[in-house]
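Colleague: take a look and give me a structure for this.
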Amino acid sequence: MQMRAMVVGVVVVAVMAAIGLSWIVTGNAVALFRYFAPQVEQVRRETFEQSKAYRQGMVQELQNMRFQYEQAEPEHRAALRAVILRRAVDMPDDALTADLRAFVASLRRPQ
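Modeller: Prediction:
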């Protein structure tokens, strides 16, 4: 009978140790994720923003907005100007075409 109680005690201790160890490992994983996830996301975003597809898409979108700006009524131009400037602020000048760079620069000058 004592042997059976001892085996049950060892099994209970082993299960509790396994639960405690899994709790520690999970807590460690959460702590590591909390620390590294923002850094990984920042690198992913920077890589995306430097990609050829993103830059070409942004240039195309800015060209479309330029066309809309030139076709817009004067009262709508202020809103379009704000949107264009907000979108162009993150684009490096070397990613824009010369005419688009000049257009954005003209919008940045006080009206």
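Colleague: does the residue nearest the centre of the chain count as helix, strand or coil?
Modeller: By C-alpha atoms, centre = their mean, the chain has its centre lying nearest to Arg45, at 4.6 Å. Following DSSP: H, G, I helix; E, B strand; the rest coil, the label given to Arg45 is helix.
Colleague: and it, how far from Arg101?
Modeller: 24 Å (C-beta to C-beta, to the nearest Å). All C-beta spots, glycine's among them, are computed from the backbone N, C-alpha and C.
Colleague: same check on Gln68?
Modeller: Going from Gln68 to Arg101 by C-beta to C-beta gives 18 Å.
Colleague: do you have the strands of this protein handy? List them.
Modeller: Here the chain has no strands by DSSP state E.
Colleague: low-confidence ranges, it, go.
Modeller: 1 (pLDDT under 70).
Colleague: could you chop it up by domain?
Modeller: Using automatic domain parsing, the domains assigned to the chain come out as 1-48, 52-108.
Colleague: hey, which of these is tucked in deepest?
Modeller: With neighbours defined as mean count of other C-beta atoms under 10 Å, the domains of the chain peak in mean count at domain 52-108, which reaches a mean of 13.
Colleague: alright, I will stop here.
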